[in-house]
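Colleague: predicted model and sequence follow; I will ask about them next.
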2 protein chains.
Amino acid sequence: MDAISQQQLNQFRQQAAAYIEFNEAEWIIFIQHLSIKQYRKKEHFTVPGEVCKTIGFVLSGSVRYYHLIDGKDITNYFSFENDYVSSYKSFLTGEPCISYIQALEPTTILTISKKNWDAMLNNPMLAYKIERFGRLLAEYYLICYEDRVTSFITQTPEERYLKLLESGKDIIRRMPQHYIANFLGITPVSLSRIKRRILV
Amino acid sequence: MDAISQQQLNQFRQQAAAYIEFNEAEWIIFIQHLSIKQYRKKEHFTVPGEVCKTIGFVLSGSVRYYHLIDGKDITNYFSFENDYVSSYKSFLTGEPCISYIQALEPTTILTISKKNWDAMLNNPMLAYKIERFGRLLAEYYLICYEDRVTSFITQTPEERYLKLLESGKDIIRRMPQHYIANFLGITPVSLSRIKRRILV
DNA sequence: CCAATTTCTTATCTTAAGATAACGTTTTCA
DNA sequence: TGAAAACGTTATCTTAAGATAAGAAATTGG
């Protein structure tokens, strides 16, 4: 377990400010519940069958969420710097994960263990703010997923790709195309054809 | 604005107990923030372009969420008795809705206005419990949507339909097939063909 | 209770996606 | 740095979904 630098804490505090602001007394206690972990390229944050006991904040690097279906690797989602990372369902319910989460490059993640998360929810000093933080975080990702479901219901793969070109710059720029294809719900070959269609 | 019966309050309190338990003093205050509304068949709970200023709890009846895309009606989601109903993104962000929510039959909905919701979040007597309620509610729907995205990424339409046959009894039993088809991300004609394929 | 509407199926035709393989390029890393 | 792996494109073939229309059955609502 490495020490957390002041700079890393500041990075988190600044991003988290969108959701929650701690006063100094709260912050001192809060940061005692944080850990930090370095992931090597291809190292796993979660694997199927194990319970995800951690919620993380990506300080640097990136991860992808993926499934192995009949031996095939299907990418589901990505998190970059200043995103949160967790197998939320597993973290929240205590059920085993169903997907892999893997670092795509050397990645530094600030983590809160389920044990510490629950401890904060039960600590009168922090409970209110952590409830609020958890609410705003869940609401944020709820909206992301709601939009994504809507795109599957109402748009063609080509339309989803065009939208991603506009609003998913990080994904487009930093992820290989076969991951992006999976993310859009299609095969890499199909995405290659869509790109050619669009050019004409 | 109708009066809310004791029986209706109990129905809500019992379901909400999964998320939050109020003591009597809190409950008295909480219920002052509730309203009730009857929707006739086909009446709208939200329409695109307007901000959704309400979160609801379906006491009886059912609603569907749908989009009009190039004049075509595409059903996205359903809520039944004891489900919550809202255009969450609009409710939470204050942006205009992008979808319709419509009663499919005479439907009674217990509602909390955004104004009252925010008032409770700012009422020291209730704030903590409402934050918690909101967190657990958002987490619940986050998990639902996460599962649904995963089904689009990893399953064929036929597999999604087979899963729905197992775990979506309410939808299968109570919704017409062309709504179910949209919900699965396919056309009604395609769902009809899938059903025939499965029988053989 | 009956006309109008909705719903579902089926058929036809078109279009696009999936599966697979081949091939050239780029990247990785031992 | 050189062999292996990963990546993207293209081609071929297969399969399934979309678009459309027609018709039967069920439901609705005045």
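Modeller: Received the coordinates, thanks.

Colleague: hey, let's count contacts and neighbours off CA atoms from now on
Modeller: Fine.

Colleague: what residues does chain A put near DNA strand C?
Modeller: Neighbours of DNA strand C within chain A, by C-alpha under 7 Å from any atom of the strand: A:156-158, A:185-187, A:189-190, A:193-194.

Colleague: chain A: strands as residue ranges?
Modeller: A:34-39, A:44-46, A:54-60, A:62-69, A:72-80, A:84-85, A:100-103, A:107-113 (DSSP state E).

Colleague: what is the first one packed up against?
Modeller: Taking 3 or more C-alpha pairs under 8 Å, 6 or more residues apart in numbering or on different chains; DSSP states H and E as the contact definition, the neighbouring helices and strands of strand A:34-39 are strand A:107-113.

Colleague: that older thread, of the residues of chain A next to DNA strand C, buried ones?
Modeller: A:157-158, A:185-187, A:194 (16 or more other C-alpha atoms under 10 Å in any protein chain shown).

Colleague: can you flag which of the residues you listed belong to helices?
Modeller: Judged by DSSP state H, helices contain the following of these: A:157-158, A:194.

Colleague: which member of those is positioned nearest chain B?
Modeller: A:P157 (11.7 Å; C-alpha to the nearest C-alpha).

Colleague: any chance of TSV for the strands of chain A, columns mean neighbour count?
Modeller: TSV is the format used below for these (neighbours: other C-alpha atoms under 10 Å in any protein chain shown):
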stretch	mean neighbour count
strand A:34-39	18
strand A:44-46	20
strand A:54-60	21
strand A:62-69	21
strand A:72-80	20
strand A:84-85	20
strand A:100-103	24
strand A:107-113	22
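
Colleague: turn those strands into JSON lines, columns for distance to B:A18.
Modeller: Shown next, in JSON lines, are those (distance: least, C-alpha to C-alpha, whole Å):
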{"stretch": "strand A:34-39", "distance to B:A18": "29"}
{"stretch": "strand A:44-46", "distance to B:A18": "28"}
{"stretch": "strand A:54-60", "distance to B:A18": "23"}
{"stretch": "strand A:62-69", "distance to B:A18": "30"}
{"stretch": "strand A:72-80", "distance to B:A18": "30"}
{"stretch": "strand A:84-85", "distance to B:A18": "26"}
{"stretch": "strand A:100-103", "distance to B:A18": "30"}
{"stretch": "strand A:107-113", "distance to B:A18": "24"}
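
Colleague: out of those, which is closest to B:E81?
Modeller: Nearest to B:E81 among the strands of chain A is strand A:72-80 (31.8 Å), distances taken as C-alpha to C-alpha.

Colleague: quick one: is the closest one near DNA strand D?
Modeller: No - counting by C-alpha under 7 Å from any atom of the strand, DNA strand D is not contacted by strand A:72-80; separation bottoms out at 9.8 Å.

Colleague: re earlier: ok, the ones in helices among the buried ones among the residues of chain A next to DNA strand C vs B:E43, which is closest?
Modeller: Nearest to B:E43 out of those is A:P157 (C-alpha to C-alpha; 32.5 Å).

Colleague: counting neighbours, what do you get for the closest residue to chain B within chain A?
Modeller: Closest to chain B within chain A is A:R135: 3.8 Å, counting by C-alpha to the nearest C-alpha. Per other C-alpha atoms under 10 Å in any protein chain shown, the neighbour tally for A:R135 reads 22.

Colleague: for the closest residue to it other than its chain neighbours, what are its contacts?
Modeller: Spatial nearest neighbour of A:R135, chain neighbours left out: B:R135 (3.8 Å); criterion: C-alpha to C-alpha, 6 or more residues apart in numbering or on different chains. B:R135 makes contacts with A:131-132, A:134-136, A:138-139, as judged by C-alpha atoms under 8 Å, 6 or more residues apart in numbering or on different chains.

Colleague: out of the residues you listed, who's nearest A:K114?
Modeller: Closest approach between the contacts of B:R135 and A:K114, by C-alpha to C-alpha: A:G134, at 12.5 Å.

Colleague: may I have the residues that are in contact with the closest one?
Modeller: Neighbours of A:G134 in contact, by C-alpha under 8 Å, 6+ apart: B:R135.

Colleague: in the biggest helix by length in chain A, what's buried?
Modeller: The longest helix of chain A (DSSP H) is helix A:127-154. Neighbour counts over helix A:127-154 (16+ other C-alpha under 10 Å) mark A:127-143, A:145-146, A:148-154 as buried.

Colleague: could you list the contact residues of chain A toward chain B?
Modeller: A:67, A:69, A:74, A:76, A:88-89, A:92, A:128, A:131-132, A:134-136, A:138-139, A:141-143, A:145-146, A:148-150, A:152-154, A:182-186 (C-alpha under 8 Å from any C-alpha of the partner chain).
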